[in-house]
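In: quick one, what's the 3D model for this:
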Amino acid sequence: MILIVALVTDALSRTRISAATGNKAIVIFCDSLRALRVALESDYTCAIIAEAQGKQNLPRLSAIRRIAETHPFIPIVALTNFDKRSIRALFMLRGTPFTDVIFADSDAVANAVDLALDRAGTAAARNWAANAMLPILPGFAFRIVELFLLYDSGFPGSDEISTALEISQRTLRHRLDSAGLPGAHRLIAHAQVLLAVRLLQDSKRKLHEVSRSVGFVNPASLRALMRELADMNPAEARQPDACARALDAFRRAIASESAAIPV
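Out: Here you go, the predicted model:
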């Protein structure tokens, strides 16, 4: 179940959020940052809707962002009438991958709820993929897929990966080879497949939407990668056991690479 934590003080906005959410999620209205911290410690999949109308609330919105940085898979939807330059500057801070901005209009509240629900589902899928890969990969290799899963940075390039790990590309390749692991981009490809399979468990998500979420413009590219790495097609990925099958395929691929190391 998804928990929407709404830092909204306006009574009309609260009513609209409750109406737009219906039975699709639990809504908690918070009046303070302390209450927000408590809500984020729950076991629910969370999303934050933060209303900030007027420049005087900019520090408050910034404080919300800092709190959420300790919960990186929690998306934030900001309802605001700030000018675009101000709000973009605020959320270009490092570690703000799941922040969306909706500028206040007549449909803003309903749009914010829909976006929060969608982002929460995507964040939960990324969290699942990260937790699934963590015990299989050594720390430095997990950091590679974390760039894709945690920071939503698309398909990171070799320079970005080596910079994040603070090692040269040559050293990275040597460490992967020594550990019997595939190349960095191959690891990310496995993460793309695991994430796609998890997202396709939601029957409401269309294949082209999932493809974009994992970094593909063309669904055919995702379909081919799923067949290659997990031996399944998108229709099979919607089956109840698909996540377990995809994870088993990943484990086998890593074990196969390790077994190929010369003794």
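
In: which elements pack onto the longest strand along the chain?
Out: The longest strand of the chain (DSSP state E) is strand 45-52. Applying 3 or more C-beta pairs under 8 Å, 6 or more residues apart in numbering; DSSP states H and E, we find strand 45-52 packed against strand 2-7, helix 33-40, helix 58-68, strand 76-80, helix 108-133. Just so you know, the C-beta spots here come from the backbone N, C-alpha and C atoms, and that holds for glycine as well.

In: partners of the fourth one in the sheet?
Out: What that stands for is strand 76-80. strand 45-52 (parallel), strand 99-103 (parallel) (DSSP bridges).

In: coming back round to it: okay if I get the helices and strands packed on strand 45-52 as CSV plus mean pLDDT?
Out: Output for those, formatted as CSV (pLDDT from 0 to 100):
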stretch, mean pLDDT
strand 2-7, 85
helix 33-40, 79
helix 58-68, 71
strand 76-80, 73
helix 108-133, 88
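
In: shaky segments in this protein?
Out: 52-58, 61, 65, 68-69, 72, 80-107, 151-154, 258-263 (pLDDT under 70).

In: spatially central residue in it, please.
Out: In the chain, the C-alpha nearest the mean C-alpha coordinate belongs to Ala123, at 3.6 Å (C-alpha atoms, centre = their mean).

In: quick one, what contacts the closest residue to it other than its chain neighbours?
Out: Leaving aside its chain neighbours, Ala123 sits nearest to Phe73 (4.5 Å; criterion: C-beta to C-beta, 6 or more residues apart in numbering). Phe73 sits next to Phe98, Ala123, Ala124, Arg126, Asn127, Ala130, Leu150 when contact means C-beta atoms under 8 Å, 6 or more residues apart in numbering.

In: against Ala141, how distant is Gln169?
Out: 15 Å (C-beta to C-beta, to the nearest Å).

In: so for these two, which sits in the more crowded spot?
Out: More neighbours surround Ala141 than the other of Gln169 and Ala141, with 21 against 14 (other C-beta atoms under 10 Å).

In: so the more buried one, which of the three states?
Out: At Ala141 the chain is in helix, as set by DSSP: H, G, I helix; E, B strand; the rest coil.

In: kindly state the beta-bridge partners for the residue nearest to Phe29 when sequence neighbours are not counted.
Out: Counting by C-beta to C-beta, 6+ apart, Ala6 is the residue found nearest to Phe29 once chain neighbours are left out, at 5.1 Å. Going by DSSP bridges, Ala6 is paired in beta bridges with Phe29, Ile49.

In: quick check, Ala6 in contact with Thr15.
Out: No - at 11.4 Å, Ala6 does not count as touching Thr15 under the criterion of C-beta atoms under 8 Å.

In: higher neighbour count, those two?
Out: Ala6 (27 against 11).

In: contacting residues for the more buried one?
Out: Arg14, Ile17, Val27, Ile28, Phe29, Cys30, Ile48, Ile49, Ala50, Glu51.

In: and which of those residues is nearest Glu146?
Out: Ile48 (21.7 Å; C-beta to C-beta).

In: ok, and the closest non-adjacent residue to the closest one?
Out: Leaving aside its chain neighbours, Ile48 sits nearest to Ile76 (4.6 Å; criterion: C-beta to C-beta, 6+ apart).
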